[in-house]
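J.: with the input below, show me the fold.
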Amino acid sequence: MIGSAIDNLVGVFSPATKVHRLAAREAIAKIEIRSQYAAAKTSPSTGAWSPVDSKINTIIANSVPTMRARARQLMRDMPAMATGVDRVVDFMVGDGITLQARVKDPATGKLAKAVNQQIEDAWNFWCDQADESGRLHFNEIQQLAARQECGAEGEYVIIKKRTARKNSFLPLSLMVLEADTITGYGATPLAGNEIHQGVEYNPVTGQAAAYHFEDYDRWAKPLRVPAEQVIVGFRTLRPGQLRGVTPLAPAILLSHQLRDYLEAEISTAQKAARWLAFITSNDPAATMAAFGAAASPTYTDTAGNSKYTMEMGHAVVDFLHSGEKVDIANHNRPGDAFAPFVKFMLQTFAATVGVTYELVSGNYTDAKYTAARISRNDMNKSIGVRRSRLVRQLCENVRREFLDWAVVTGKLTLPGYFANPLPYLRSVWVDPGMDLLDPLREGRAENDSMANYTRSPQDVLISKGKDPETVLDEFQEWGEMLKDRDLSPPESTPGGLKTNPAEVAPGTGDGDGTEGGSNASKKK
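T.: All right, here's what the predicted structure looks like:
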């Protein structure tokens, strides 16, 4: 605008100079356009596509209420949406992510088994009382948190409280709240802080100072809770993000359209199937009476003609006057393209949610081992990232608070804990694991990895959701039970059977790992 004003002013005294200035300005504009990314240029194919790129917190604040409401409804009404979230939670948390303490004896450098057992026993005892309402085990709180983050809410909100319940093992409990309870309406920040979406934070560092929760009767001023007492877990998509956003956002419109499409197909097929027959007669009432139906008009059209219909179960028979004709459109529902189209939509939805198509649809008809293995590996990687975030933001946070209270109240004796808690924080979180698609092949690969020292037995067991120490204890107990009963350990599997079950015919092996019968004869 300033440049144009100067050009106009120059033109008053020298029109030729103005023309030269305008030409130079146009040339510069063309050079600037050519220096853009192709994706940023405006062309007939882009049309009026010029999105407004606001700050992440502004976008979330403007979009979250509507997105949450839509995602919640789809999770209630859309089978694929509900199933997809269920499968993510199942693989991410399962029955619960359990704690295995790994504290080492400073003198020997070996695991301090007594200390680890003491910590695990206290932790497992408290997990039964973790919920402030007394209904949920800590594992169930994990499941609920995972569902909140991976579902419609996009985040979970938990307050660490000093419980007032009697006979509690520790004065610590957790209260799980809906994400909607965090509000900024009527909240007042401390000096130097700002509030956005109910989060009071330092505008210089971005660190949360407190969260403001609405009062249950919605009349009182929001309750301010210091940030160190609140756990708000979500996936950070952009720097400075204060609240979470549902990962289902890219699939909301797709799922809504798919639901409407399925409902339209089903409704049209139902209506088409409802009309059983059309009977033409000079006297529809008499013909209808001959069928044993009441000869009374069902309705009257706009011309005043009486119309007769008869219902036979769920079907309808329509009686027409002579000269009347009805042509029913052949909707061909569902058509040949119905199944492939729905499959494509579900595949797109499954990719957005982070699970396989087979898990969402329940259709394993076309599943092949190689493809299933690749898709399972991809899903396992995605689930592992989400699980690690849950462990860091929730499990580790709660475990640290638990240890503080356990030591303060004397439930645990951990010398030097407050001076240096790090040695007592050594642990492993055992996830639910994932079943093998082909136990024979994948089991052999695991054995080879352990034999080549590229993978430890502990890692293999943990990947299956097993506590290595528990497994070894069970083996020890098994050996003692066999000894008490004067029984020998079972014989090992024949060598051929370990690699190929068809190698040894049933009843032909001699139990010492060599082949027998016809297979052995062929080898000879």
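J.: could I get the buried residue list for the longest helix along the chain?
T.: Taking DSSP state H as the criterion, the chain has its longest helix at helix 249-274. Neighbour-count burial for helix 249-274 flags Ala249, Ala251, Ile252, Leu254, Ser255, His256, Leu258, Arg259, Leu262, Glu265 (criterion: 16 or more other C-beta atoms under 10 Å). In short, each C-beta sits where N, CA and C put it, glycine included.
J.: could you find the closest non-adjacent residue to the first one?
T.: Distances taken as C-beta to C-beta, 6 or more residues apart in numbering place Met67 nearest to Ala249, at 5.7 Å, with adjacent residues excluded.
J.: hang on, the earlier thing: looking at the buried residues of helix 249-274, which is nearest Ala406?
T.: Ranked by distance to Ala406 (C-beta to C-beta), these are led by Ala249 at 40.2 Å.
J.: give me the pLDDT value at that closest one.
T.: Model confidence at Ala249, given as pLDDT, is 91.
J.: hang on, isn't it packed against Arg68?
T.: No: at 9.9 Å, Ala249 does not count as touching Arg68 under the criterion of C-beta atoms under 8 Å.
J.: find the residues that touch each one of the two.
T.: Shared contacts of Ala249 and Arg68, defined by C-beta atoms under 8 Å, 6 or more residues apart in numbering, comprise Gly154.
J.: gap between the residue nearest to Ala249 and Ser267?
T.: Here Met67 is placed at a distance of 27 Å from Ser267 (C-beta to C-beta, to the nearest Å).
J.: with Leu111 instead?
T.: Counting by C-beta to C-beta - Leu111 and Ser267 are separated by 64 Å.
J.: show me where pLDDT drops low in the stretch 201-350 of the chain?
T.: 216-219, 272-279, 281-282, 284-335 (pLDDT under 70).
J.: do that again at 80, thanks
T.: Residues of the stretch 201-350 of the chain that meet the criterion pLDDT under 80 lie in 215-220, 265, 267-337.
J.: any idea how far Lys271 lies from Arg259?
T.: Distance, Lys271 to Arg259, by C-beta to C-beta: 19 Å.
J.: now Pro65
T.: On the measure of C-beta to C-beta, Pro65 and Arg259 end up 21 Å apart.
J.: one more: Lys343?
T.: For Lys343, the distance to Arg259 - C-beta to C-beta - is 16 Å.
J.: Pro44: which of the buried residues of helix 249-274 is nearest?
T.: Nearest to Pro44 out of those is Leu254 (C-beta to C-beta; 26.9 Å).
J.: that closest one: what's it in contact with?
T.: With C-beta under 8 Å, 6+ apart, Leu254 has these contacts: Met345, Thr348, Phe349, Thr352.
J.: where do the strands of the stretch 1-150 of the chain begin and end?
T.: In the stretch 1-150 of the chain, the strands defined using DSSP state E, counting those that start in this stretch lie at 98-101.
J.: how about Asp215, secondary structure?
T.: Secondary structure, DSSP: H, G, I helix; E, B strand; the rest coil: Asp215 is coil.
J.: that one against Leu223, yeah?
T.: Yes: judged on C-beta under 8 Å, Asp215 makes contact with Leu223 at a distance of 6.5 Å.
J.: these two: who's more crowded?
T.: Comparing Asp215 with Leu223 by other C-beta atoms under 10 Å, the one with more neighbours is Leu223, at 16 against 13.
J.: run through the bridge partners of the more buried one.
T.: Phe213 (DSSP bridges).
J.: for Gln197, see how far away it is.
T.: Taking C-beta to C-beta, one finds Leu223 at 16 Å from Gln197.
J.: got a list of what the closest residue to Ala101 other than its chain neighbours touches?
T.: Leaving out its chain neighbours, the residue that sits closest to Ala101 by C-beta to C-beta, 6+ apart is Asn116, at 3.9 Å. Going by C-beta under 8 Å, 6+ apart, Asn116 touches Gln100, Ala101, Arg102, Val103.
J.: may I ask which of these has the most neighbours?
T.: Using other C-beta under 10 Å as the neighbour test, those are led by Ala101, with 23 neighbours.
J.: so that one makes contact with Pro423?
T.: No: using C-beta under 8 Å, Ala101 is not in contact with Pro423; the gap is 10.9 Å.
J.: count of neighbours near Ile158?
T.: Neighbour count for Ile158, taken as other C-beta under 10 Å: 23.
J.: let me fix that: Val89
T.: 22.
J.: same deal with the one 10 residues further on?
T.: Leu99 is flanked by 23 other residues according to other C-beta under 10 Å.
J.: same check on Lys464?
T.: 16.
J.: how far away is the closest residue to it other than its chain neighbours from Ala371?
T.: Closest residue to Lys464 apart from its sequence neighbours, by C-beta to C-beta, 6+ apart: Gly433 at 4.2 Å. Going from Gly433 to Ala371 by C-beta to C-beta gives 22 Å.
J.: and those two? Which one has more around it.
T.: Between Gly433 and Ala371, counting by other C-beta under 10 Å, Gly433 is the more crowded of the two (16 against 12).
J.: quick one on the thing from earlier: so which of the contacts of Leu254 is the closest to Arg76?
T.: Phe349 (16.3 Å).
J.: so that closest one versus Glu265, what's the distance?
T.: If you measure Phe349 against Glu265 using C-beta to C-beta, the figure is 17 Å.
J.: repeat that for Ile119.
T.: The value you get for Ile119 to Glu265, if C-beta to C-beta is used, is 57 Å.
J.: what does Thr163 give?
T.: Distance of Thr163 to Glu265, given as C-beta to C-beta: 53 Å.
J.: can you pull the contacts of the closest residue to Gln229 other than its chain neighbours?
T.: Closest residue to Gln229 apart from its sequence neighbours, by C-beta to C-beta, 6+ apart: Lys160 at 5.2 Å. Taking C-beta under 8 Å, 6+ apart, we find Lys160 in contact with Leu172, Ser173, Leu174, Gln229, Val230, Ile231, Val398, Glu401.
J.: go again with 7 Å.
T.: Contact analysis of Lys160 by C-beta atoms under 7 Å, 6 or more residues apart in numbering lists Leu172, Leu174, Gln229, Ile231, Glu401.
J.: what pLDDT does Thr108 get?
T.: For Thr108, the model assigns a pLDDT of 91.
J.: with Ile33 instead?
T.: Looking at Ile33, its pLDDT reads 57.
J.: again with the one 5 residues further on
T.: Among the per-residue scores, Ala38 holds a pLDDT of 71.
J.: show me what contacts it?
T.: The contact partners of Ala38, by C-beta under 7 Å, 6+ apart, come to none.
J.: and it, how close does it get to Thr46?
T.: Noted for Ala38: a distance of 10 Å to Thr46, by C-beta to C-beta.
J.: and what of Gln118?
T.: Taking C-beta to C-beta as the criterion, Gln118 is separated from Thr46 by 65 Å.
J.: who has more neighbours out of those two?
T.: More crowded of Gln118 and Thr46, by other C-beta under 10 Å: Gln118, with 18 against 11.
J.: list the contacts for the more buried one?
T.: Leu412.
J.: begin at 57 from now on, thanks
T.: Done: numbering now begins at 57, and the last item shifts to Gln174.
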